[in-house]
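Colleague: this is the structure alone, sequence omitted:
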């Protein structure tokens, strides 16, 4: 398992942020990530769910994760590369909330240079955002 010296210890595998064919920027594996392994975490500003929903209503790009019924994390100012993880209807990773931490795990082996993706599930976009993942089973909207 590789670590980059300039990344915090909770970033378990080396990744890079690059232009994504899905949308904007994405996060790409710089080394193989075996199925089931934790890739890393993302941290940000802790806010209330009501504040998260207020902010989401005014943003086109939403980087907010609700971690409980009362608390959310706004990733807009985070420096963690995993904040650029894009949605896919056929993801190779999953987002998991554990003790208030936002963690990313590989659901299958991820190859070098492969974009790391997760299924967002419910979003603050409320069906207004077109999905651009491009997989055959794409649901079309987030």
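Modeller: All right, it came through fine. It should be emphasised that the depicted structure is a prediction, and the values quoted were computed from it without experimental measurement.

Colleague: tell me who's in contact with residue 65.
Modeller: Applying CB atoms under 8 Å, 6 or more residues apart in numbering to residue 65 gives the contacts 42, 72, 73, 75, 95, 97, 102. Where you see a C-beta, it was placed from the backbone N, CA and C, and this is true even at glycine.

Colleague: okay if I get these as JSON lines plus pLDDT?
Modeller: Putting the contacts of residue 65 into JSON lines (pLDDT from 0 to 100) gives the following:
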{"residue": "42", "pLDDT": "94"}
{"residue": "72", "pLDDT": "91"}
{"residue": "73", "pLDDT": "92"}
{"residue": "75", "pLDDT": "91"}
{"residue": "95", "pLDDT": "94"}
{"residue": "97", "pLDDT": "92"}
{"residue": "102", "pLDDT": "93"}
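
Colleague: per-residue pLDDT, residue 51?
Modeller: Note on residue 51: pLDDT of 92.

Colleague: that one: what secondary structure?
Modeller: Under DSSP: H, G, I helix; E, B strand; the rest coil, residue 51 falls in the helix class.

Colleague: which non-adjacent residue is nearest it?
Modeller: residue 72 (7.4 Å; CB to CB, 6 or more residues apart in numbering).

Colleague: ok, now residue 83?
Modeller: Residue 83's closest residue in space is residue 75 (CB to CB, 6+ apart), at 4.2 Å.

Colleague: out of the contacts of residue 65, flag the one nearest to residue 135.
Modeller: residue 95 (17.7 Å; CB to CB).

Colleague: element containing the closest one?
Modeller: Taking DSSP states H and E as the definition, one finds residue 95 inside strand 93-98.
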